[in-house]
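J.: structure, please.
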Amino acid sequence: MKSHPGRAARTLLLALAATVVLGSLPTGPAWSASAREIDIKVEAALERFHRQVSGANEFMAAAKGVLIFPDVIEAGFIFGGEYGEGVLRIGDRNVAYYSTAGASVGFQAGAQSKVIMVVFMDAGALERFRDSRGWQVGVDGSVAIIELGVGGRIDSNNIRDPIVGFIFGNKGLMAGVSLEGSKFTRLDK
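T.: Numbering: from 1, shown residues only. Sure thing, here's the model as predicted:
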């Protein structure tokens, strides 16, 4: 069976685009932020969360731990990827640093920055996360994304999921997004 030249060229172009996009995402020590840089960005992200979301203080008080990625860069052209570094906080203490990475396929073009917060409402879920070497959403556990309704208020009494997530863009909480397939890996910082 003969290969169609247009199909081969399209496949090559898609592979090249994926290589460029995924290769442009920051990884490794050369792009790694210091613990202090991450801490500063995390404080700003938490301040924004508390300012924009009614009920945030009570909600965070009920959380067993929160994983905060203050600057996740997502880029793509058909194939896409994202990368960011953040911290796991228990109470008011930063206890460990993590990276997040993910890939996607579908209609997409451009780049954007977002904040991802993964909140552990259940102590057992937090313990399983901390004991893992690399934790992937949808494989090791699920994360229910919270979208605020009318009034923009969180009621932690109504949240029954052991792990919930918030994703912020430039205009506030993002709707219709998922963390499915995102992987969280502990960093040495």
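J.: other residues contacting stretch 56-67?
T.: 49-50, 53, 86-90, 95, 98, 117-123, 125-126, 129, 154, 156, 159, 184 (C-beta atoms under 8 Å, 6 or more residues apart in numbering). C-beta: built from backbone N, CA, C; applies to glycine.
J.: does Leu179 fall in a helix, a strand, or a coil region?
T.: Under DSSP: H, G, I helix; E, B strand; the rest coil, the three-state class of Leu179 is coil.
J.: tell me the backbone dihedrals of it, please.
T.: The phi/psi pair for Leu179 (degrees, to the nearest 10) reads phi -100, psi 0.
J.: what subset of the contacts of stretch 56-67 is buried?
T.: With burial judged by 16 or more other C-beta atoms under 10 Å, the buried subset of the contacts of stretch 56-67 is 49, 53, 86-89, 98, 117-121, 125-126, 129, 154, 156, 159, 184.
J.: and the strands in the chain?
T.: Taking DSSP state E as the criterion, the chain carries its strands at 65-90, 93-120, 134-136, 144-145, 163-169, 172-173, 183-187.
J.: ranking these by mean pLDDT, which is last?
T.: Per-stretch mean pLDDT for those is lowest at strand 172-173 (a mean of 62).
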